[in-house]
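Asker: missing the sequence, but the structure's below:
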């Protein structure tokens, strides 16, 4: 009996010692040597037991290894935006980049004095902004660029998770591209009785969008997303249309106006959109250049 009791105590002490060792070095063993779990954990424990590193050194060593692996997986992105400050299409790209938390360089184009060789080379078909160069590869057309950004950097997502939701978002983005910009600009490009016709058409487009928005906070629901990014830059041009058309969007479409104010509270939008009065000054200047009185 005495011999058995002595053996039990010896086994208990050995197990207790092994348990303390496992508690001392489990984190790094799991993190650094996960592929070959059983065999490699033992090697890791022996390696660090021989070195007698205190736990804080293990944590530091562990973080350095993690940072090195993340750097290899996520190389630094080279993003260059060929921009024009008043273009609502360029604003879309800037908002999308900001929503993803991406750093980029912006190069302002002189669209009236002469387009750069880089722009002509990067977009030889349309020769217009925006162009986003990702690691030297050019991307054209704002809605396509926003979609690329969302696909390349999926978090946080801009498009809905389900296929139907994504198709609906793309439908409304296409509607905005085909209807909203032209309707907005036609108001301030018109003169005489044509202004009233243009104003009526513009308001009809806004009401269609207001109906699509419904009671939702944003077009995609509770979260700011793809359709909001495509639509909100045009709001910076509404003031010019209001001035020349003698009306207000708020009076005609109060729900849409409330959506504009909500969207403007986002930092990404507030930083990307210029002052509407500066856009109005640009429109006045552009009308003179086009001989519109």
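Answerer: Received it, and whenever you're ready, just let me know what you need. All figures in this text were calculated on a predicted structure; none of them were measured in a lab. Numbers count the residues shown, from 1 in each chain.

Asker: Just to be sure, residue 161 is in a helix?
Answerer: No - using DSSP: H, G, I helix; E, B strand; the rest coil, the secondary structure at residue 161 is coil, not a helix.

Asker: for the stretch 51-200 of the chain, what are the low-confidence residue spans?
Answerer: The stretch 51-200 of the chain contains residues with pLDDT under 70 at 51-76.

Asker: just the strands in it please.
Answerer: 79-83, 105-108, 131-134, 137-140 (DSSP state E, counting those that start in this stretch).

Asker: would you turn the ones you listed into a markdown table with distance to residue 154?
Answerer: Glycine gets a C-beta too; all of them are placed from N, C-alpha and C. What follows is the strands of the stretch 51-200 of the chain, written out as a markdown table (distance: least, Cβ to Cβ, whole Å):
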| stretch | distance to residue 154 |
| --- | --- |
| strand 79-83 | 16 |
| strand 105-108 | 23 |
| strand 131-134 | 15 |
| strand 137-140 | 17 |
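
Asker: out of those, deepest packed?
Answerer: The highest average neighbour count among the strands of the stretch 51-200 of the chain, using mean count of other Cβ atoms under 10 Å, belongs to strand 131-134 at a mean of 22.

Asker: which residues are contacting that strand?
Answerer: 77-82, 93, 104, 119, 122-123, 138-140, 145, 148-149, 152 (Cβ atoms under 8 Å, 6 or more residues apart in numbering).

Asker: for that strand, the distance to its chain's centre please.
Answerer: 14 Å (Cα atoms, centre = their mean, to the nearest Å).

Asker: Note down every partner strand of it and its orientation.
Answerer: strand 79-83 (antiparallel), strand 137-140 (antiparallel) (DSSP bridges).

Asker: Just put those strands in CSV and tack on distance to residue 255.
Answerer: Formatted as CSV, these follow (distance: least, Cβ to Cβ, whole Å):
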stretch, distance to residue 255
strand 79-83, 31
strand 137-140, 33
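
Asker: what about those strands, which gets the closest to residue 190?
Answerer: strand 79-83 (28.5 Å; Cβ to Cβ).

Asker: how about the strands paired with strand 131-134, which one is nearest residue 130?
Answerer: Once the strands paired with strand 131-134 are compared by Cβ to Cβ, strand 79-83 is nearest, at 6.1 Å.

Asker: Noted, bye for now.
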